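Colleague: need a structure here:
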Amino acid sequence: MKIEETTTADKPFLDKVIATTNSGSKRIREGVTHSRIPKRFAFFTNSAILLVSSLLVIQSHESAWADTLSVVPVRTSDDIVHRTFVPNAFAFWDLESESENIDIFVQPIFTREADEDPQIELQYQRYEDSGERIEFGKKLLAENEFQIDKRLREASLSTELDICFGENWDPDSGECTKIDDTMKIEIQWEGTGDLERSSDTQKDVSDEGVLIKIFEHQFREAEASGSMDRKNFGESTEANLQSDQITCITTGQRTCAEDIEEEEED
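Modeller: Have a look, this model is predicted:
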């Protein structure tokens, strides 16, 4: 059996899969590996951290997200190819005049079920500089509620969101125990930085066939503006757009659900 792995990247692969922050921000810095998201947002990312392993168990069927989120099966001779594109968007506002902050996350939610596509979830929170939550809300987005350009030049979000006040948010479950209000939220992202790309390819050849997994990540700094119930947030303090495309190629008896074990270096 022969195992190969190659990596090409301007920056470490998946170093920016989840929202990044600048060193001057007020936000708490402690986070999970390969993510610069603060611990107080850790419940936001539990599903997203499964990005690579979960995407690769998705079977061949069309996604409702069409061009924005697609699972594309292709059969060439005895080869089967599974290709999935998944977007991420993030925006942060430091409302200095009110000593408050706002976070907006748009990120994929994955399941282990082979017959289910990834879904895109919106998560919103407003909190004081101390970290105490003022408002919180999250929902799964319909196809027409979030749009993103595949080269990360722009994105838009428009939806109604049920929210709860801080006293009705459960820190253990990360859920609202009571809905206090419903608000219209609208956010626009415009890519401003260079498009950064990274990729990783893994190959495994055995008597059962060939398994190839290709991971491609894109990242672009952005500016965001938005409003909630027509109250304007102004320009964002931080924002970015990201995407991940995972391609899995199999022959023979190999399946995308298999892991490729790396050879230990001497």
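
Colleague: going forward, measure contacts between C-alpha atoms and count neighbours the same way
Modeller: OK.

Colleague: quick one: low-confidence parts of the stretch 1-150 of the chain?
Modeller: Scanning the stretch 1-150 of the chain for pLDDT under 70 picks out the ranges 1-79, 110-117.

Colleague: scratch that, the stretch 151-266 of the chain
Modeller: The model of the stretch 151-266 of the chain has pLDDT under 70 over residues 263-266.

Colleague: for it, which segments count as strands?
Modeller: Listed from the start of the chain, the stretch 151-266 of the chain has strands (DSSP state E, counting those that start in this stretch) covering 154-165, 169-170, 175-176, 181-191, 196-206, 209-228, 231-235, 238-250.

Colleague: which one of the ones you listed is the most hemmed in?
Modeller: Relative to the other members of the strands of the stretch 151-266 of the chain, strand 238-250 carries the highest mean neighbour count by mean count of other CA atoms under 10 Å, namely a mean of 24.

Colleague: for residue 108, name its beta-bridge partners.
Modeller: With DSSP bridges as the criterion, residue 108 is bridged to residue 120.

Colleague: and residue 86, by the same measure?
Modeller: residue 244.

Colleague: surely it meets residue 218?
Modeller: No - judged on CA atoms under 8 Å, residue 86 makes no contact with residue 218 at a distance of 10.4 Å.

Colleague: quick one on the thing from earlier: now tabulate the strands of the stretch 151-266 of the chain in a markdown table and tack on distance to residue 260.
Modeller: As requested, the strands of the stretch 151-266 of the chain are exported to a markdown table (distance: least, CA to CA, whole Å):
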| stretch | distance to residue 260 |
| --- | --- |
| strand 154-165 | 34 |
| strand 169-170 | 38 |
| strand 175-176 | 35 |
| strand 181-191 | 35 |
| strand 196-206 | 7 |
| strand 209-228 | 8 |
| strand 231-235 | 44 |
| strand 238-250 | 12 |
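
Colleague: for residue 102, which of the ones you listed is the nearest?
Modeller: Ranking those by their distance to residue 102 (criterion: CA to CA) puts strand 231-235 first, at 8.7 Å.

Colleague: partner strands of that closest one, parallel or antiparallel?
Modeller: Here strand 231-235 has these sheet partners by DSSP bridges: strand 209-228 (antiparallel).

Colleague: list the contacts of residue 209.
Modeller: Under the criterion of CA atoms under 8 Å, 6 or more residues apart in numbering, the neighbours of residue 209 are 250, 251, 252, 253, 254.

Colleague: what about the third one, neighbour count?
Modeller: Using other CA atoms under 10 Å, the number of residues around residue 252 comes to 14.

Colleague: the helices in the stretch 51-200 of the chain, which residues?
Modeller: In order along the chain, the stretch 51-200 of the chain carries the following helices (DSSP state H, counting those that start in this stretch): 51-55.

Colleague: right, and residue 226 touches residue 184 too?
Modeller: No - using CA under 8 Å, residue 226 and residue 184 do not qualify as a contacting pair, with a distance of 10.6 Å.

Colleague: the strands of the stretch 151-266 of the chain: which one's closest to residue 99?
Modeller: Minimum separation from residue 99 across those (CA to CA) falls at strand 231-235, 13.4 Å.
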